[in-house]
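> Give the three-dimensional model of this entry:
(one chain, ligands or ions: 2)
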Amino acid sequence: MNIRSAEFVVGAVGRGDLPADGLPEVALAGRSNVGKSSLINRLVQRRSLARTSSTPGKTQQLNYYRVDNAAYLVDLPGYGFVRGGLELRLTLGRLVQGYLESLTELRAIVQLIDARHGPTELDLAMIAWLKEHPKPSLLVFTKVDKLSRQQWLRRQHELTAAGTLAGLAYLPFSAVTGEGRDEALEWIYQECGVQSPANGKS
Ligand SMILES: Nc1nc2c(ncn2[C@@H]2O[C@H](COP(=O)(O)OP(=O)(O)OP(=O)(O)O)[C@@H](O)[C@H]2O)c(=O)[nH]1
Ligand SMILES: [Mg+2]
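Ligands and ions are numbered 1, 2, ... in the order given. As a prediction, the model looks like this:
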């Protein structure tokens, strides 16, 4: 499944910066360093369209990436760690919450969770919020390349037993190997009502 075009459009820090062209949007949420920017790069098959870093808190705006001139992937600032201290963190929290709850073109939310560590308290709060939220959501477990198959199965079992995954779509993902890439992209395209190139012309 190939992407024909992908470009960074805007790093929004306030409502006035949001694109007004009406294209559908899918937001990527998750704690800092979970792999949101890496997932975007893998989805669009570009090594460094979205800036990644081993320093958490790199993404501090709503970063809009337009894909195939058909939809936006919105890279949200990671929660749980923001350089610049509490005040900035609160401001970002408001920006992100305001965005997620406002009547934007937001069609769906992809929530990323580090497959190695399982959900943090903030992840669980976010999952609870997603279950209440009327928009479709997908849980993506990142960095599965760092787990053995056995470990991933065990993690899945734990989460299922705890009821965490109940009623939610989820998949394992690796930005390194590309596992889960096609499935994630297909899910996103479907929620945006975009016909995927794999299914013919669009
Ligand atoms: N092994 C492995 N490493 C990954 C994967 N995805 C991301 N990483 C690494 O994890 C670190 C953080 O990745 P980012 O994509 O920058 O994370 P982010 O969620 O965008 O972080 P913030 O912008 O700070 O919120 C980087 O060092 C990546 O190389 C993956 O699937 N496998
Ligand atoms: Mg990032």
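
> Only C-alpha atoms from now on, for both contacts and neighbour counts.
Will do.

> by contact count, what packs against the strand of greatest length in the chain?
Ranked by residue count, the top strand of the chain under DSSP state E comes out as strand 106-114. Strand 106-114 sits against strand 25-29, strand 137-142, helix 181-192, with contacts defined as 3 or more Cα pairs under 8 Å, 6 or more residues apart in numbering; DSSP states H and E.

> and if we set it to 10 Å?
If you count contacts as 3 or more Cα pairs under 10 Å, 6 or more residues apart in numbering; DSSP states H and E, strand 106-114 packs onto strand 25-29, helix 36-44, strand 71-75, helix 85-101, helix 121-132, strand 137-142, strand 169-172, helix 181-192.

> For the fourth one, give the mean pLDDT please.
Read it as helix 85-101. Helix 85-101 shows a mean pLDDT of 61.

> repeat for stretch 176-184
On average, stretch 176-184 scores 97.

> Name the residues that touch it?
For stretch 176-184, the external contacting residues (Cα atoms under 10 Å, 6 or more residues apart in numbering) are 1-2, 38-40, 42-45, 110, 138-146, 170-175, 186-190.

> in the protein, which residue is closest to the centre?
In the chain, the residue lying closest to the centroid (Cα atoms, centre = their mean) is Leu28, at 2.2 Å.

> doesn't Ser37 make contact with that one?
Yes - counting by Cα atoms under 10 Å, Ser37 is a contact partner of Leu28 at 8.9 Å.

> before we move on, the earlier item: spell out which residues sit in contact with the residue nearest to the centre of the chain, please.
Here Leu28 is in contact with 35-37, 39-40, 62-63, 73-78, 108-112, 137-140 (Cα under 10 Å, 6+ apart).

> picking that back up, the helices and strands packed on strand 106-114 into a markdown table, with extra columns for distance to Ala161?
A markdown table is the format used below for those (distance: least, Cα to Cα, whole Å):
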| stretch | distance to Ala161 |
| --- | --- |
| strand 25-29 | 24 |
| helix 36-44 | 26 |
| strand 71-75 | 30 |
| helix 85-101 | 29 |
| helix 121-132 | 15 |
| strand 137-142 | 16 |
| strand 169-172 | 15 |
| helix 181-192 | 24 |
